[in-house]
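Participant: Structure for this input, please:
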Amino acid sequence: MIQKILIVDDEYLIRWALAQALSEAGYEVSAAEDGWKALEMAQKECFDFVVTDLFMPGLDGWKLLEKLCRLPAPPRVIVMTAHGEEDYPKTVKERGGWAYVEKSCLIDGVKETLRKAAAR
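Facilitator: All right, here's what the predicted structure looks like:
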């Protein structure tokens, strides 16, 4: 079964690059440019994973994570950022996130996380 992934980032090139890499890896990929659009999409369609940027205008990644966790069938959320703090991996887990990835190792980190999830 092909896993469905929603990528959320306000930076077009990040969305595009990640969507390309994951599509080529065999995932069904959708993308949203902000948290509100992502939430709307996740309320209408069931995603296996949501990969979201942490810092975006409007509904940021923290608030999006909180709202996604409340959905009847919540997706596993991978939080990414280029502006990480030492405690972010722990905070993401505490708030219900699946994983945390620094954008510096973004594509490889997300692929590895998804491979591990598929092996479970």
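Participant: If we ignore the residues flanking it in sequence, what's nearest the residue most central in space within the chain?
Facilitator: Centroid-nearest residue in the chain, with CA atoms, centre = their mean: V51, separated by 1.0 Å. Excluding its sequence neighbours, the residue lying closest to V51 (CB to CB, 6 or more residues apart in numbering) is I78, at 4.6 Å. Where C-beta positions appear, they are placed from N, C-alpha and C, glycine not excepted.
Participant: these two touch, right, the one you found and V101?
Facilitator: Yes: counting by CB atoms under 8 Å, I78 does reach V101; the two are 6.0 Å apart.
Participant: shared neighbours of these two, anything?
Facilitator: Shared contacts of I78 and V101, defined by CB atoms under 8 Å, 6 or more residues apart in numbering, are found at 51, 110, 113.
Participant: Using a markdown table, please lay out those together with pLDDT.
Facilitator: Listed next are those as a markdown table, based on pLDDT from 0 to 100:
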| residue | pLDDT |
| --- | --- |
| V51 | 97 |
| V110 | 73 |
| T113 | 77 |
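Participant: and these, which of them are in strands?
Facilitator: V51 (DSSP state E).
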